[in-house]
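> Can you look at this prediction? I've put the sequence above it.
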Amino acid sequence: MRIYSVHVPPLVSPVDRARVVAEGFSWAAFVLGVLWALWHRQWAAAAAILVAGMVLAGGLGAVGAGEATVTIAAVAVNAIYGVVANDLRRRRYDRLGWREIGPIAADDADEALYKAAILHRDAAIRRDARGYDQGGRGPAPGAFGHAGGLGV
C-alpha cells in the first residue's frame, strides 16, 4: 500500500480534474527523465536535467573520465530527479492554487481518488439546495473545500 495525495483545482468539480500524486520515488521519472518532466509541464526541471547532463558529460570528458563514469553520472542525475519528481508535481499544483487532499493510503491511484471523495462527501451532503450548511451559517464548502463539491 502506498501513500498518495489528491489535488483538486479551484472552482472545478473535483471528479472532473483531480490529480493523484504518489509519495516517494518515481520510477517513471527515473527512467524517462526529461520526457517525464515535459509531460508533467515541469519545464525548469527538464532544462535542469539537460543542463546537468551536459555539464557532467562535458566536465567528466574534459578530465579524461571513461564512458562508464559518464553513464554512472547520468544515472545519478536521473535518480536524483526520480526522488524529487513527485514533490515537484505537488509544488506545481500548490502554485496553481490546487487544494491538496491527503495523505491517503491506497493500493493504487484510483482507490486513492475514491477514498478522497468518500472522506469528504459529508461536507457535500451537509449542504442544502441553497448552498447553506444545516445550521444556516452561510455557504458551506463543497466536498473538497470549495463550492463545487462533488457535483451533488
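Now that the structure is in, tell me what you want to look at. Residues are numbered from 1 along each chain as shown.
> Low-confidence bits of this protein, can you list those?
Where the chain drops to pLDDT under 70, the residues are 12-16, 120-152.
> try it again with 50
Within the chain, the stretches with pLDDT under 50 are 123, 125-130, 132-136, 140, 146-152.
> quick one, helices of this structure?
Under the criterion DSSP state H, helices of the chain are mapped to 14-17, 27-32, 34-39, 43-62, 67-95, 109-119, 121-126.
> Residue 8: which of those is closest?
helix 14-17 (4.0 Å; CB to CB). (Glycine included, C-beta is placed from N, CA and C.)
> In CSV, list the helices of the chain along with mean neighbour count and distance to residue 1.
Formatted as CSV, these follow (neighbours: other CB atoms under 10 Å; distance: least, CB to CB, whole Å):
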stretch, mean neighbour count, distance to residue 1
helix 14-17, 16, 22
helix 27-32, 16, 17
helix 34-39, 17, 24
helix 43-62, 15, 28
helix 67-95, 16, 16
helix 109-119, 17, 9
helix 121-126, 14, 22
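> mind putting the ones you listed in CSV, distance to residue 102 included?
Formatted as CSV, the helices of the chain follow (distance: least, CB to CB, whole Å):
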stretch, distance to residue 102
helix 14-17, 13
helix 27-32, 19
helix 34-39, 21
helix 43-62, 22
helix 67-95, 9
helix 109-119, 7
helix 121-126, 16
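> For residue 2, find the nearest of these.
With respect to residue 2, and counting by CB to CB, the nearest of the helices of the chain is helix 109-119 at 8.2 Å.
> gap between that closest one and the chain center?
From the chain centre to the centre of helix 109-119 is a distance of 15 Å (CA atoms, centre = their mean, to the nearest Å).
> same thing with stretch 30-38?
In this view, stretch 30-38 has its centroid 14 Å away from the chain centroid, taken as CA atoms, centre = their mean.
> Stretch 104-123 now?
Relative to the centre of its chain, stretch 104-123 is centred 15 Å away, using CA atoms, centre = their mean.
> do the same with stretch 21-39
Counting by CA atoms, centre = their mean, stretch 21-39 is centred 11 Å from the centre of its parent chain.
> Also stretch 102-111?
Centroid separation for stretch 102-111 versus its chain: 13 Å, with CA atoms, centre = their mean.
> Likewise for stretch 73-88?
Distance of stretch 73-88 from the chain centroid (CA atoms, centre = their mean) equals 15 Å.
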